[in-house]
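S.K.: build the 3D model from these lines:
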Amino acid sequence: MVSGPLTLAFAAAGLAVLSYSLHRLRSVVHALRNDPVDVYRLPNHSGPVEVEGEARLDGATVTAPFSGRECLAYEYEAEELRSSGKHSHWETLDSGGAAVPFLVDDGSGKARVEPAGAELHLESHVVRVDPGEKPPGRIAEYLAESDEVDPQDRTLDLRVVELNLGNEQRFVERRLDVDETAYVYGQAFEEASREWGSGVVNAVIRNGDRAPAFVVSDAPERATAWRMAKRPLLGVAVGLAALALAASAAV
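M.R.: Now for the predicted structure:
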């Protein structure tokens with residue numbers, strides 16, 4: 001039997017996870033209920049907006065660590081497969097990201113996006129490196145400079161057989177590349193003081209307190225909504241399971 005305090009703890013944890021996850025789903029619902037706004041109309045919007053087009057260069061790029069690609073935004077994780085008895089899991093040893101302002105172009109105009117503080121929902125590019133395997137060039141450079149991740153390419157030559165030492169590694173990179181699909185959900189602000197280029201409207205999209213979320217994605221609206229919903233839906237399931245466990249223990 002589960003004790004009273006433990007039952008209350010399960011109930012409180014379940015309610016907290018459920019409440020947080022449902023709050024996160026609000027932005028998904030809002031995005032699906034509204035259609036993307038034509039960029040040329042953005043100067044007339046001061047609240048939450050979503051736009052869809054192609055990501056254009058606005059003067060600067062950042063270099064993704066594992067591919068070496070010049071891009072507009074990226075996130076990365078370096079993970080290692082750790083085992084304990086019969087169980088194994090991917091442990092994140094290092095992670096990070098960077099982004100620069102860019103333009104989103106939907107054919108009607110271009111709007112500047114300032115991605116600081118945005119949730120990035122980008123396609124994953126994964127490179128796996130087996131134990132004893134020499135990592136490819138850019139990843140080898142990253143490992144040589146990293147204090148958090150060590151190469152796992154050591155081997156032991158037993159003459160009869162060569163044993164690979166170390167653990168399997170996984171290097172995950174997500175990028176927003178120049179000229180690829182861009183979906184942005186955030187808040188539009190009038191920006192009349194900047195010297196705009198050709199076709200760029202007098203508005204900028206950035207983080208704001210009137211939008212329930214600030215999202216930058218490399219997929220269209222519905223695909224982005226699904227990416228946004230995955231973790232909150234998992235949280236709803238976990239929260240309901242905790243509440244069900246608390247309820248059954250209280251009977």
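S.K.: quick one, helices of the stretch 151-251 of the chain?
M.R.: 221-250 (DSSP state H, counting those that start in this stretch).
S.K.: give the residue spans of it that score low on pLDDT.
M.R.: For the stretch 151-251 of the chain, the stretches with pLDDT under 70 are 153-165, 192-197, 230, 232-233, 235-236, 239-240, 242-243, 249-251.
S.K.: can you rerun that using 50?
M.R.: 161, 193 (pLDDT under 50).
S.K.: now swap in the stretch 1-150 of the chain and tell me
M.R.: By pLDDT under 50, the weakly predicted segments of the stretch 1-150 of the chain are 1-2.
S.K.: can you give me the helices for it?
M.R.: Using DSSP H, counting those that start in this stretch, helices in the stretch 1-150 of the chain cover 4-33, 137-145.
S.K.: pull the contacting residues for the nearest residue to residue 178 once chain neighbours are set aside.
M.R.: In this structure, residue 178 finds its nearest non-sequential neighbour in residue 57, 5.4 Å apart by Cβ to Cβ, 6 or more residues apart in numbering. In this view, the C-beta of every residue, glycine as well, is placed from N, C-alpha and C. Counting by Cβ atoms under 8 Å, 6 or more residues apart in numbering, residue 57 touches 72, 102, 103, 178.
S.K.: now residue 57. Its backbone dihedrals?
M.R.: Per-residue torsions, residue 57: phi -70, psi 140 (degrees, to the nearest 10).
S.K.: okay, now the residue nearest to residue 201 when sequence neighbours are not counted: neighbour count?
M.R.: Excluding the flanking residues, the one nearest residue 201 by Cβ to Cβ, 6+ apart is residue 109, at 4.7 Å. Neighbour count for residue 109, taken as other Cβ atoms under 10 Å: 21.
S.K.: many thanks, have a good one.
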